[in-house]
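Asks: Provide a 3D model corresponding to the input given below.
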Amino acid sequence: DRLSGCLDEINLEFVEREATPKLLMKLSIQLHLAGLSLSNTVSFLEVFGVERVRSTVHNWVHKADLQPESGRSPNHVAVDETVIWLDDEQYWLYAAVDPESNDLLHTQLEPTTNNALADRFFVALRDKHDIDDTTVLVDGSASLQRACRKHDLDFRYERHGNRNSVERVFREIKRRTTCFSNCFSNADA
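Replies: This next block holds a predicted model:
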């Protein structure tokens, strides 16, 4: 749907000097808005002999006052909870990830885990994103499955596959919080 728009609708009045043909600029903006990554959009330009960096395409999209529609209504959302340690204190991190883009859609940090907190997590996730027609991928967490049922969300138990995206995000968050909590021990969680 986002590719079907007319290229003439993209306003390039912000262009000060025309180092890139306007048609390729508009097409690049449209491809990125349709979901093509900045790297792949730059590779597309190279096919036409135009070498640009990702930040250039990002600036075109930003200056044209257009943004990609990422994460608002994903097909699947991987949801999980994990324990992270900050200094010597244990916290529960809830997270929702779009497995197609690996975008972190929502997080919530809590000192414990229970059904009420899982419910609150889904309320906040639904406020931010349209997930009513989305399949939520969960592991064996009883509180997350119960919250999906309570909010009448379509969910599927999955240990691997698309749920691996949330596990990759958790692995990176744990790596970073371990490094940062040792360096910034005076900061609150």
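Asks: Please count neighbours and contacts with C-alpha atoms only from this point.
Replies: Fine.
Asks: What residues of the longest helix along the chain count as buried?
Replies: Longest helix in the chain, counting residues (DSSP state H): helix 164-183. Residues of helix 164-183 classed as buried: Asn164, Ser165, Val166, Glu167, Val169, Phe170, Lys174, Thr177, Ser181 (neighbour count, 16 or more other C-alpha atoms under 10 Å).
Asks: Pick the one among the residues you listed closest to Gln145.
Replies: Closest to Gln145 out of the buried residues of helix 164-183 is Val166 (16.0 Å), distances taken as C-alpha to C-alpha.
Asks: ok, the closest one to Val136 distance?
Replies: Separation of Val166 from Val136 (C-alpha to C-alpha, to the nearest Å) stands at 12 Å.
Asks: do the same with Val83
Replies: 21 Å.
Asks: If you count surrounding residues, which of those two has more?
Replies: Val136 (26 against 17; other C-alpha atoms under 10 Å).
Asks: Which of the three states applies to that one?
Replies: strand (DSSP: H, G, I helix; E, B strand; the rest coil).
Asks: ditto for Trp85
Replies: strand.
Asks: what about the residue nearest to it when sequence neighbours are not counted, helix or strand, and which?
Replies: Distances taken as C-alpha to C-alpha, 6 or more residues apart in numbering place Tyr91 nearest to Trp85, at 6.2 Å, with adjacent residues excluded. Taking DSSP states H and E as the definition, Tyr91 sits inside strand 89-98.
Asks: what do you get for Leu117?
Replies: Per DSSP H and E: helix 115-128 holds Leu117.
Asks: buried ones in that helix?
Replies: Judged by neighbour count (16+ other C-alpha under 10 Å), helix 115-128 contains these buried residues: Leu117, Ala118, Asp119, Phe121, Phe122, Leu125.
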